[in-house]
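Visitor: Predicted model follows, preceded by the sequence.
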Amino acid sequence: MNSQPTQNDSMLPLMVDIWQQTLNWQPDEKQQRQFQQLYSLIVAGNRQLNLTRITEPFEFWEKHLWDSLRGIAPFLGNTLPIPHSQFPIPNPQVIDIGTGAGFPGVPCGIAHPHWQVTLLDSTRKKIAFLDTLLAQLGLSNATTLLGRSEQINQQSQYRKTYDLALIRAVGSASVCAEYALPFLKSGGLAILYRGHWTDEEAADLQPVIEKLRGKLESIEAFTTPLTQSVRHCLYLRKLG
Ligand SMILES: C[S@@+](CC[C@H](N)C(=O)[O-])C[C@H]1O[C@@H](n2cnc3c(N)ncnc32)[C@H](O)[C@@H]1O
């Protein structure tokens with residue numbers, strides 16, 4: 001176990017025990033190397049582009065790596081009593097909407113090499129950065145897509161195409177639902193990564209979900225393991 005600060009500021013902590021305790025999963029050696037490389041590439045990319053303000057190793061581990069994977073905890077082989085733990089598709093098509101510097105899509109693609117991950121963003125410079133990053137990571141199961149979600153999700157080659165849609169920090173929950181649900185096949189799942197969650201947001205979201213033929217399957221509340229920050233994940237199912 002190595003969850004102590006490392007001597008080198010550019011090294012990520014391994015956090016073996018915390019991965020195991022919180023997600024009942026831990027990265028293998030290759031995944032650990034890819035996480036480290038991802039961190040180094042983002043810190044380097046940040047010198048040219050405004051990619052993220054989260055660059056300190058422990059904060060990066062918690063807010064980018066752990067948080068990205070906590071949303072897909074039901075599919076990490078853990079034994080928590082979460083209702084989506086039997087994701088039935090062996091090689092799901094996954095889209096990360098408004099991926100920015102690649103979150104949550106890149107950690108999910110590293111954790112699940114058999115997932116086919118599309119990283120969508122409307123900013124050309126971020127997509128160009130991600131193209132280079134994916135090549136450097138050797139992450140052949142991820143590709144990029146440039147455009148606005150509300151336009152792309154109306155195009156026939158992308159509409160009703162994905163099994164799983166991930167969306168973090170892109171807008172209100174209603175906007176995220178409007179972006180995500182049209183991408184999903186019948187039975188597909190959208191995961192909305194949220195911070196705090198209020199009754200007002202829930203009231204705004206419900207009619208949007210109904211209009212787009214979705215159903216709010218569950219809401220999970222949790223705190224992050226290092227700073228105990230409040231998080232919620234909303235799981236929306238696309239109905240037939
Ligand atoms: C605050 S960043 C969040 C990035 C990443 N999801 C994360 O959690 O670190 C929001 C990102 O969404 C992208 N974005 C905003 N509106 C969008 C839209 N309509 N379609 C596609 N991308 C969008 C922005 O370019 C930006 O990179």
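Guide: That came through fine.

Visitor: So which bits of the helix ranked longest in the chain are buried?
Guide: Ordering each helix of the chain by length in residues (DSSP state H) puts helix 29-45 first. Residues 31-32, 34-39, 41-43, 45 are the ones in helix 29-45 that count as buried (16 or more other CB atoms under 10 Å). No exception for glycine: its C-beta is placed from N, CA and C like everyone else's.

Visitor: Report all helices and strands that that helix contacts.
Guide: Based on contacts counted as 3 or more CB pairs under 8 Å, 6 or more residues apart in numbering; DSSP states H and E, the elements that helix 29-45 packs against are helix 105-111, helix 124-137.

Visitor: change it to 10 Å
Guide: helix 57-59, helix 105-111, helix 124-137 (3 or more CB pairs under 10 Å, 6 or more residues apart in numbering; DSSP states H and E).

Visitor: Give me the angle between it and helix 124-137.
Guide: Orientation check (axes from the mean of the first three to the mean of the last three CA atoms, to 10 degrees): helix 29-45 against helix 124-137 gives 140 degrees.

Visitor: quick one, what contacts the spatially closest residue to residue 52 that is not a sequence neighbour?
Guide: Nearest non-adjacent residue to residue 52, counting by CB to CB, 6 or more residues apart in numbering: residue 101, 5.1 Å away. Residues near residue 101 by CB atoms under 10 Å, 6 or more residues apart in numbering: 38, 41-42, 45-46, 49-52, 54, 64, 119, 121, 126, 129-130, 133.

Visitor: Could I get the contacting residues of the spatially most central residue of the chain?
Guide: Most central in the chain under CA atoms, centre = their mean is residue 104, positioned 2.3 Å from the mean C-alpha point. Counting by CB under 10 Å, 6+ apart, residue 104 touches 64-65, 67-72, 94, 96, 111, 117, 166-169, 191, 193.

Visitor: mind redoing it with 7 Å?
Guide: By CB atoms under 7 Å, 6 or more residues apart in numbering, residue 104 lies in contact with 68, 71, 96, 166, 168, 193.

Visitor: Tell me which helix or strand the closest residue to it other than its chain neighbours sits in.
Guide: Among residues not flanking residue 104 along the chain, residue 68 sits closest, at 3.3 Å (CB to CB, 6+ apart). Element membership of residue 68 [criterion: DSSP states H and E] is helix 67-71.
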